[in-house]
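Colleague: Sequence and predicted structure, then a few things I'm wondering about:
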Amino acid sequence: MEVVIAPADQLARLAADAVEALLRGKPDAVLGLATGSSPLKVYDELVRRHEAGLSFARARAFMLDEYVGLPAEHPERYRNVIEKEIASRVDFEPGAVEGPDGLADDLVAACAAYEAAIADAGGVDLQILGIGTDGHIAFNEPGSSLASRTRIKTLTRQTREDNARFFGGSVDDVPRHCLTQGLATIMSARHLVLLATGKAKAEAVHQLVEGPVSAMWPASVMQLHPHATVLVDDAAASRLQLADYYRETFEDKPDWQGL
Ligand SMILES: N[C@@H]1[C@@H](O)[C@H](O)[C@@H](COP(=O)(O)O)O[C@@H]1O
């Protein structure tokens with residue numbers, strides 16, 4: 001696992017560098033897109049690079065998760081969020097960005113179909129991730145099986161409170177259920193790039209990087225991934241025991257190495 005501690009704008013550029021390098025070498029790459037505020041600067045940077053010539057026309061993308069039951073036109077439906085934040089701003093082909101169907105009559109079948117679609121696409125090459133204050137990735141709340149696949153989950157009170165800001169501050173308006181890629185689904189991606197900023201994420205980042213691998217801190221499963229990159233600002237890094245070592249390592253990193 002590589003930990004990079006840097007200001008948020010630099011983190012976004014580093015993540016965008018990894019996406020750009022992937023697309024330049026493999027134009028039909030499969031990206032994994034995350035919602036939440038953490039990746040927004042990365043998406044803005046990718047849009048700038050698209051305007052400078054980077055094409056997504058042959059790429060595909062899979063979203064991490066979706067609320068169950070939000071109406072199709074609801075602005076917080078993750079499908080609509082991803083459309084607004086990135087998909088509509090670059091040149092993905094229609095239908096190239098897919099997400100779990102939180103409006104399906106048969107949610108169990110929708111989850112299985114989503115797993116099959118990711119597998120049929122050859123798997124995700126680069127997965128962008130945020131992290132919840134309780135250590136969740138996608139919507140894999142504490143207690144999630146480390147071997148889980150796409151399924152329905154019940155959101156914790158903490159996550160619904162964290163996300164109430166997107167629903168006019170009303171916890172009651174945040175759906176209780178979601179469909180989410182499982183931890184094993186996420187772990188199948190070939191490169192994981194997680195972004196976290198702000199003090200509220202410091203404990204979750206510490207547990208992710210330095211805690212024991214535990215379903216209580218679901219992101220800690222990333223310690224088992226052969227190619228995981230954790231991009232954090234000073235505040236999110238403030239609980240890291242080996243912060244000085246991560247800083248020195250990044251300062252001494254050879255230019256050719258990439259993330
Ligand atoms: N399902 C999403 C996660 O994918 C995201 O990582 C998390 C953190 O959000 P933020 O980046 O806004 O802090 O929020 C939601 O719960």
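Modeller: Everything's here; your move. Numbers count the residues shown, from 1 in each chain.
Colleague: Isn't residue 236 up against residue 203?
Modeller: No. Counting by C-beta atoms under 8 Å, residue 236 stays clear of residue 203, with 9.7 Å between them. C-beta: built from backbone N, CA, C; applies to glycine.
Colleague: Same drill for the two, tell me which one is more crowded.
Modeller: More crowded of residue 236 and residue 203, by other C-beta atoms under 10 Å: residue 236, with 27 against 17.
Colleague: so what pLDDT did the more buried one get?
Modeller: Per-residue pLDDT puts residue 236 at 98.
Colleague: Need the three-state assignment for the residue nearest to residue 113 when sequence neighbours are not counted.
Modeller: Take residue 113 and drop its neighbours on the chain: the residue closest to it by C-beta to C-beta, 6 or more residues apart in numbering is residue 101, 7.8 Å away. Put simply, residue 101 is coil when judged by DSSP: H, G, I helix; E, B strand; the rest coil.
Colleague: Look at residue 101 and say how many residues are nearby.
Modeller: 18.
Colleague: surely it meets residue 178?
Modeller: No. Taking contacts as C-beta under 8 Å, residue 101 lies outside contact range of residue 178: 11.9 Å.
Colleague: So for these two, which residues contact both of them?
Modeller: residue 66 (C-beta atoms under 8 Å, 6 or more residues apart in numbering).
Colleague: which element is the residue nearest to residue 132 when sequence neighbours are not counted on?
Modeller: Using C-beta to C-beta, 6+ apart and skipping residues adjacent in sequence, the residue nearest residue 132 is residue 159, 5.7 Å away. Per DSSP states H and E: residue 159 is located in helix 157-163.
Colleague: All set now, cheers.
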